[in-house]
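Participant: sequence first, then the predicted structure, then my questions.
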Amino acid sequence: MRYPIWRIGVFIAAAIWPLFWLYEAWSFALGPDPGKVLMDRLGLGTLILLLVTLGMTPLQKLSGWPGWISVRRQLGLWCFAYVVLHLVAYCVFILGLDWSQLGVELRKRPYIIVGTLGFLCLLVLAVTSNRYSQRRLGARWKKLHRLVYVILGLGLLHMLWIVRADLKEWAIYASIGALLLVLRIPPVMRRIPRLIAKKALSATKA
């Protein structure tokens, strides 16, 4: 079966950014602390990919194109890949693989606990994202994957705790997340396609 070219494009787009950031860090283009910048970018990339993944269902409802749903799992797995890289960057560049410092870090920066909880939830979703898990879990699979809303809340709280001084960027991501959650409410999701169809009909008559 031929792999759709647009899914290959998603793969390349998601894979190229960490490689590019790693090259920038290696070439000292990320400033005096490239490891921290790399870690921060991977963390932000995780949040952005999570928001994009959450946007797939509303886009499918709005456009009627099933391709949005077919790429949702791929984006979700890339989101998990980014958070793994974010965690690795933290262990290498911040801890220096010195695990004795982890207790000190947790006391000084409790937002790490929030981020770890988000990572564990993403791990559960990544492990159960395959068709075998869907068949095995049945109706419970959808309930389990509602953890994505918890993950979004934990991710936003993790970011908020870090950027306390400058909330402008955080507010943008939080607003997008809130909008996506509202769009996923069943009555809202049912109503939007009708409104679009009504406007399209009015435009045709005009």
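Facilitator: Happy to help now that I have it. Just so you know, these numbers come straight off a predicted model, no measurement behind them.
Participant: list the contacts for residue 25?
Facilitator: 34-35, 37-38 (Cβ atoms under 8 Å, 6 or more residues apart in numbering). Any C-beta I mention is one placed from the backbone N, CA and C, and that applies to glycine too.
Participant: now with 10 Å, please.
Facilitator: Shown in contact with residue 25 (Cβ atoms under 10 Å, 6 or more residues apart in numbering): 31, 33-39, 41, 89, 93.
Participant: near residue 110, how many other residues are there?
Facilitator: 10 (other Cβ atoms under 10 Å).
Participant: can you start the count at 12 instead of 1 from here on
Facilitator: Okay, using 12 as the starting number, the last item reads as residue 121.
Participant: is it true that it touches residue 173?
Facilitator: No - at 11.2 Å, residue 121 does not count as touching residue 173 under the criterion of Cβ atoms under 10 Å.
Participant: what's the distance between the most centrally placed residue in the chain and residue 164?
Facilitator: Centroid check for the chain by Cα atoms, centre = their mean gives residue 61 as the closest residue, at 1.7 Å. Distance from residue 61 to residue 164, counting by Cβ to Cβ, to the nearest Å: 11 Å.
Participant: before we move on, what about residue 183?
Facilitator: Residue 183 is 16 Å from residue 164, by Cβ to Cβ.
Participant: quick one on the thing from earlier: report the two of the contacts of residue 36 separated the most.
Facilitator: 42 and 100 (15.0 Å; Cβ to Cβ).
Participant: so which bits of the host helix or strand of residue 54 are buried?
Facilitator: Element membership for residue 54, per DSSP states H and E: helix 45-65. For helix 45-65, burial by neighbour count (16 or more other Cβ atoms under 10 Å) applies to 45, 47-58, 60-65.
Participant: can you give me the helices for this protein?
Facilitator: With DSSP state H as the criterion, the chain has helices at 16-37, 45-65, 67-74, 78-100, 113-119, 122-138, 142-148, 150-155, 158-173, 179-194, 197-216.
Participant: can I get the CA coordinates of the first one in CSV?
Facilitator: These are the backbone C-alpha positions of helix 16-37, laid out as CSV (Å, rounded to 0.1, in the frame of the first residue of the first chain):
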residue,chain,number,x,y,z
ILE,A,16,3.1,11.8,0.3
TRP,A,17,1.6,14.2,2.8
ARG,A,18,2.2,11.8,5.7
ILE,A,19,5.8,11.6,4.6
GLY,A,20,5.9,15.4,4.6
VAL,A,21,4.6,15.3,8.3
PHE,A,22,7.4,12.9,9.2
ILE,A,23,10.1,15.0,7.6
ALA,A,24,8.8,18.2,9.1
ALA,A,25,8.6,16.7,12.6
ALA,A,26,12.0,15.0,12.3
ILE,A,27,14.0,17.9,10.9
TRP,A,28,13.6,20.4,13.8
PRO,A,29,15.3,18.4,16.5
LEU,A,30,18.2,17.7,14.1
PHE,A,31,18.4,21.3,13.2
TRP,A,32,18.4,22.4,16.8
LEU,A,33,21.1,19.8,17.7
TYR,A,34,23.2,21.2,14.8
GLU,A,35,22.8,24.7,16.2
ALA,A,36,23.7,23.6,19.7
TRP,A,37,26.8,21.7,18.3
